[in-house]
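K.L.:
coords please:
(5 chains, ligands or ions: 4)
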Amino acid sequence: ADVLVFAAASLTDALDRVATAWSEETANRAILSFAGSSALARQIQQGAPADIFISASVEWMDAVEASGDIRAGTRRDLLANTLVLIAHGRDVSPVTIDETLDLAGMLGDERLAMALVEAVPAGIYGKAALTALGLWDDVAPLVAQADNVRAALAFVARNEAPLGIVYATEAVVEDNVTIIANFPPGTHAPIILPAAMTAESQSPAAEAFLAYLSSPNAREIWAEFGFIVLD
Amino acid sequence: MWEAAANWLGPAEWQAVRLSLRVSFWATVASLPLGIFVAYALARWSFPGKQLLNGLVHLPLILPPVVTGYLLLIAFGRRGFIGQYLEAWFGIVLSFRWTGAAVAAAVMAFPLMVRAIRLAIEAVDPKLEAAAGTLGAPPAWVFVTVTLPLILPGIVAGAILAFAKAIGEFGATITFVSNIPGQTQTMPSAIYAFLQVPGGGEAAGRLVIVAIVIAMAALFLSEFIARRVAKRVAGG
Amino acid sequence: MWEAAANWLGPAEWQAVRLSLRVSFWATVASLPLGIFVAYALARWSFPGKQLLNGLVHLPLILPPVVTGYLLLIAFGRRGFIGQYLEAWFGIVLSFRWTGAAVAAAVMAFPLMVRAIRLAIEAVDPKLEAAAGTLGAPPAWVFVTVTLPLILPGIVAGAILAFAKAIGEFGATITFVSNIPGQTQTMPSAIYAFLQVPGGGEAAGRLVIVAIVIAMAALFLSEFIARRVAKRVAGG
Amino acid sequence: MTLEVTLAHRQGDFDLDVQFQTPPGVTVFFGPSGSGKTTLVNAIAGLLRPQRGRVVADGWVLVDTGAKHFLPPHRRRLGYVFQEGRLFPHLSVRQNLAYGRWFNPGQSPGEFDRVVELLGIGHLLARRPGALSGGEKQRVAIGRALLAAPKLILADEPLAALDEARKEEILPYFERLRDEVAVPIVYVSHSSFEVARLATTVVALRHGRVVALGPPEQVLGDVAAVGPRGAASVLSVRVVAHHADGLSELTCGAGTLWLPRVPEPPGTTLRVRIAAQEVILSRARPQGLSALNILVGTVEDIQKGRGPGALVALRIGRDRLLARVTGRSIRAMGLEPGQTCHAIVKSVAVAPEDVGTTTSPAHAG
Amino acid sequence: MTLEVTLAHRQGDFDLDVQFQTPPGVTVFFGPSGSGKTTLVNAIAGLLRPQRGRVVADGWVLVDTGAKHFLPPHRRRLGYVFQEGRLFPHLSVRQNLAYGRWFNPGQSPGEFDRVVELLGIGHLLARRPGALSGGEKQRVAIGRALLAAPKLILADEPLAALDEARKEEILPYFERLRDEVAVPIVYVSHSSFEVARLATTVVALRHGRVVALGPPEQVLGDVAAVGPRGAASVLSVRVVAHHADGLSELTCGAGTLWLPRVPEPPGTTLRVRIAAQEVILSRARPQGLSALNILVGTVEDIQKGRGPGALVALRIGRDRLLARVTGRSIRAMGLEPGQTCHAIVKSVAVAPEDVGTTTSPAHAG
Ligand SMILES: Nc1ncnc2c1ncn2[C@@H]1O[C@H](COP(=O)(O)OP(=O)(O)OP(=O)(O)O)[C@@H](O)[C@H]1O
Ligand SMILES: Nc1ncnc2c1ncn2[C@@H]1O[C@H](COP(=O)(O)OP(=O)(O)OP(=O)(O)O)[C@@H](O)[C@H]1O
Ligand SMILES: [Mg+2]
Ligand SMILES: [Mg+2]
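P.N.:
Numbering: from 1, shown residues only, chains lettered A, B, ... in the order given. Ligands and ions are numbered 1, 2, ... in the order given. The predicted model follows:
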């Protein structure tokens, strides 16, 4: 049977691997539709025929749950991610992020690339962390906000911006950037990617796929891409 | 060699290419009659609400595609205020089908199509239409035998513009009908998906090249047709 | 009442509106001469590489905006293969500046502008241009005194189309120059941002209304100008 | 068909204000450039919506602003030859010619070939109008209008772009339409030849007003309407016989006229335009001249013009013959009303285009 | 200016192949519809790139395909009156008229007013071409070309859309350009009046070939070139005096001509076109006729045409006068070459448009 999965775009490559593995093991098929969490959530609210929804933000999963579009009891926190500070180039020395870091000074008149700080989860988390550390006010005028984490990463990779804040999962696979610091866990709310089955799901295999996402095989793949698997 | 070309893209990518062609073709062809009608009305008639219609036609151009997609979702989604009746009365479901992608592409391309055709209509000398009238041709016939052939280059230009736009349309499509492989994953959506993957640039690049080739072919065709028509009118 | 209207949008939103107007205005105005030139070349000249130029002009229409934005970044970014020389030789920096947003909007709107103007040029009777030539007017002068006034409605149409497109342009802009309030956060970027958060729909709706009002005003203006020009040509 | 026109229409500085009624046949609008001829024809065709007025053709109300009635052009069954051609550029000559047939299928199939032959456009059928010369375009435009099987032909200077020989070939066709097919024709012309030849009624226009109205023999004799050089007489004559040397013998009220052979059979009644300036007068019967036609009549009146010329009207039987001579000759000859006088008319000076078949009976009187 | 034209150009089925050289003055292209007149003018204007050929105006090579030389139209200093007007629709009449002045600023300021007055378009200056009648458009087109201060005027049937009175006003202006300003003129016309009046040289065309070439008195006397009804003589005459009764006395080789008053002062040499069909012959001296002009000459030859007419050429002093009479008259009068014969010409039959000032000296011989 086919399972239609609506998943946040930042999961694209990892989930592809998981789905392929599942197909090989079970002869079922997972069809993956990647887009921004907001678009997917709205589509589910409008009756999209999705079976599984994996959101990049807790808020959108909350919204879908509130409108009664996910099956009660199926929601769980699937994955967690970490936020990192990256710099352009290969051999950049690491720094420590705390209240004393002169982030604005490191930038000079150049830009700090982030995802949209009011709208896209990675941006929201990043802003929260910098605010908690008391750095936000200084760097705010220097932030270049991209519409998603990947576009922010591209700015740093092309050295349009020397520094950026992205998910660790994104940073590890890009050759032209170096992770120079991890944000301390307490500086922002946990970065959680929840998953759930939709209320209207008809697929008999949906539940199985949702379960498979936490299976040992899947865990291995998630870890390979830098995700932390929650339970 | 042919096989090498075929293998150059994976089956999922070929699927996206085929889907894009189908979506763009139908988006263009199905909206053409309405496009000609609206262009004619805007060019030649005056009626109350004309400016409103004109504005409405241009709306998809002005609004960010995401907004257009969102409005389409609200209107034509399965639970949308139009969509639910379409399904109940006619059994037509647009959301999350390729037909929905075609609707999104058609809506996005509509202003371009109408503008081109309208300009062409405005360039037709009304004296020729009047002459046809004196020979006994009723207005509809005048339109078909005089106006239509004379605006053919404009129609071709408008249609190709719309087709090209449909081939490249992304924001409204993904917002309205999502990004479901084989159903609604057009070339731009597939390119988007590739761009989300580190190292996916190469695969995206291949699809970009395919999109360019398709659009170029369409452009060549339109130039060719337009030139032939122009030559016929010039005499010979 | 005026104040109420002003407060209806927050200062950040007003900033986005003002920026969008500036970006779209300059994107349109600055690309118009080139647009007219390219349209004329495509309509009237034949030269090697004409089809290539035609294809190139249409590229931004065909490609997903994100791709166009990415290509702009590669070309015109500070480290881009053109951008670095622009900065070194002319001190022009486009990346993360409103000028870059204008370039992105201009590039995206260019095919629409060129198509409209080209259609208008093709509708001008070359016999009138020839007549001007016999009276001693050199080609450039013929263009300025005969062709240009006759294609004015097409130019207005093309420019307004481009302006409308520029007002709504999002994907290429945010990919090329990101979203910096006051610098590159245009209306569509702001709308997009609102739409990403649950419950942001209302704020987005307000900006959408502003965008519609602006574009409608531009359309009214273009209709008005086009009608005046047409009336002048018809006689009186 | 009678044509009843009452129109008041203002465009820019120009004010059209006419009222007239014409009998069946050809109505010619005659007048200088800018006098409102085309405007009037457009109003009859329905291409112009008059501000006030009424046009009735044969009892059929085409427009009546009072009754808010306006018949659209395509319902008027017209054949309009436009002053500027207006061929369809995207259609071949053949398709242009056939255009009107879609809507009026009652046409005999031979008609197409006849009209094409008449107009000499057979070799152009496959071309598009862009590849035609000015005169060729105009001929195709005439053919297109004629082939629409119209109930009313409107022709706005249809022959202006053509050479004499071509005019000569086409004019008889209009006559046949008038006489045999009895299609009413509204014809705009600058040329008094065409007027005399075709017109049942002439409407002379100036500055948007009717300055003279009537049969051509009357209007053309009216120096005020046509100017001294346009003055001409139109005689009704009957064909008596055709002679072997290429001359035809015709009889008019009081005398015999010899003209280069006319095509009509003996017994036919014709009209002959004789330009006033081509008539020579002589008190005594002239002898030994190359001119064959010598008519005897009585001087009816003598109008002195502003120039050196004078217009002498002779009564010859039922007809009135005008002669334009110099004042000096009148004095030298001592001409006075009531005198008997001979009029000399050269046979060859009467051009074929001056000889037309007569129009409907309305004219005999 | 001499004009040297050698052209071979094929468009569709039509094949233009001409070679001629004309002296200074007005060169008239004369020929039926579709004979290639406009094509030829376009080649001279540079709007048509001939496949093969050479056009030289006054030693100035406009095009020479052999030498791969082609002067673009805007460098040829033309004033081209197009057959179809081609006014700029977006410019007012005034702006249309002034268009050429931008490039040729050497025009005297009074010229604009003079031309506007001549053409009677003063009240139209503020309008756009869309609001003009057919004849008004054509007049503006003429004005536009004349006001470009051209070194070469090309006029393609400029007067076809105009009424006689208007033609009469405009023709003298072209004469003045020819004689006083000495601008070379290439003029296309169907009308033998205009040919006789204006032409220094007539190029008669048919099917893209030159069928006759020469001064109008020669070409118009050539029945093969102009047809029997076009035949005319052109006499050189000198003004002797103007008389109080409105007549002018002129002298030609061997006799006196009386014409309606001509504007030129005594002593001026003029040319007078006398249509062959307006001349009456008489063996004996006629008496008591209203016709004032009786010229005596010798019959030089008699050409029988295909119709009932014949063309009799009289030698009258240095001039040759053609008379078109019927064969029957010739037999009745027993006319034969060598005989003395009287020619009768009515004063008023010579229209003002038949009297023109003479052209450049090239013509006297
Ligand atoms: N583009 C073309 N292609 C083919 N044939 C053409 C083209 N243009 C003109 N012709 C033909 O060339 C011939 C000469 O045309 P041209 O316009 O020179 O005639 P013209 O002497 O000016 O006639 P008119 O007095 O009717 O204006 C005509 O027979 C016409 O049909
Ligand atoms: N749209 C218009 N606006 C104002 N005046 C106009 C308009 N169209 C025509 N006229 C004027 O109306 C008058 C009559 O024009 P019309 O075309 O009827 O003349 P016409 O008798 O056909 O002349 P022609 O013999 O030159 O064709 C002219 O003086 C012209 O200038
Ligand atoms: Mg007219
Ligand atoms: Mg011609």
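K.L.:
could you use CA atoms for every contact and neighbour count after this?
P.N.:
OK.
K.L.:
ok, which residues in chain A are in contact with chain B?
P.N.:
For chain A, the residues in contact with chain B (C-alpha under 8 Å from any C-alpha of the partner chain) are A:9-10, A:12-13, A:31-35, A:39-40, A:43, A:46-49, A:150, A:170, A:173-174.
K.L.:
tell me the SS of A:Val92?
P.N.:
Following DSSP: H, G, I helix; E, B strand; the rest coil, the label given to A:Val92 is coil.
K.L.:
buried set for the longest helix seen in chain A?
P.N.:
Secondary structure of chain A per DSSP state H: the longest helix is helix A:12-26. Within helix A:12-26, the residues that qualify as buried are A:12-15, A:18-19, A:21-23, counting by 16 or more other C-alpha atoms under 10 Å in any protein chain shown.
K.L.:
ok, stretch D:110-117 next?
P.N.:
Those would be D:112, D:115-116, for stretch D:110-117 by 16+ other C-alpha under 10 Å.
K.L.:
go on, stretch B:86-96?
P.N.:
By neighbour count with 16+ other C-alpha under 10 Å, stretch B:86-96 contains the buried residues B:86-87, B:93-96.
K.L.:
where does the stretch 51-200 of chain D dip in pLDDT?
P.N.:
Along the stretch 51-200 of chain D, segments meeting pLDDT under 70 span D:106-107.
K.L.:
picking that back up, just how off-centre is the longest helix of chain A within its chain?
P.N.:
Chain-centre distance of helix A:12-26: 18 Å, with C-alpha atoms, centre = their mean, to the nearest Å.
K.L.:
and the next helix or strand past it?
P.N.:
Remark: after helix A:12-26, the chain's next helix or strand is strand A:29-35, criterion DSSP states H and E.
K.L.:
that following strand packs against which elements?
P.N.:
On a contact count with 3 or more C-alpha pairs under 8 Å, 6 or more residues apart in numbering or on different chains; DSSP states H and E, strand A:29-35 meets strand A:2-8, helix A:12-26.
K.L.:
in its sheet, what does it sit against?
P.N.:
Strand A:29-35 sits in its sheet next to strand A:2-8 (parallel), going by DSSP bridges.
K.L.:
got the CA positions of the partner strand in PDB?
P.N.:
What follows is strand A:2-8, C-alpha atoms only, in PDB (Å, rounded to 0.1, in the frame of the first residue of the first chain):
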ATOM      1  CA  ASP A   2       1.000   3.600  -0.600                       C
ATOM      2  CA  VAL A   3       1.600   6.100   2.200                       C
ATOM      3  CA  LEU A   4       1.600   9.800   1.300                       C
ATOM      4  CA  VAL A   5       3.900  11.700   3.600                       C
ATOM      5  CA  PHE A   6       3.900  15.500   3.900                       C
ATOM      6  CA  ALA A   7       7.300  16.400   5.300                       C
ATOM      7  CA  ALA A   8       9.200  19.600   6.000                       C
END
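K.L.:
what residues does it touch?
P.N.:
Residues outside strand A:2-8 that contact it (C-alpha atoms under 8 Å, 6 or more residues apart in numbering or on different chains): A:28-37, A:40, A:49-56, A:203, A:205-206, A:209.
K.L.:
just to revisit the earlier point, so the longest helix of chain A versus strand A:2-8, what angle?
P.N.:
160 degrees (axes from the mean of the first three to the mean of the last three C-alpha atoms, to 10 degrees).
K.L.:
so what does helix A:12-26 touch, helix or strand wise?
P.N.:
Judged by 3+ C-alpha pairs under 8 Å, 6+ apart, helix A:12-26 is in contact with strand A:29-35, helix A:216-224.
K.L.:
re earlier: mind checking the helices and strands packed on strand A:29-35 for the one nearest to ligand 1?
P.N.:
For ligand 1, the closest of the helices and strands packed on strand A:29-35 is helix A:12-26, at 62.4 Å, according to C-alpha to the nearest ligand atom.
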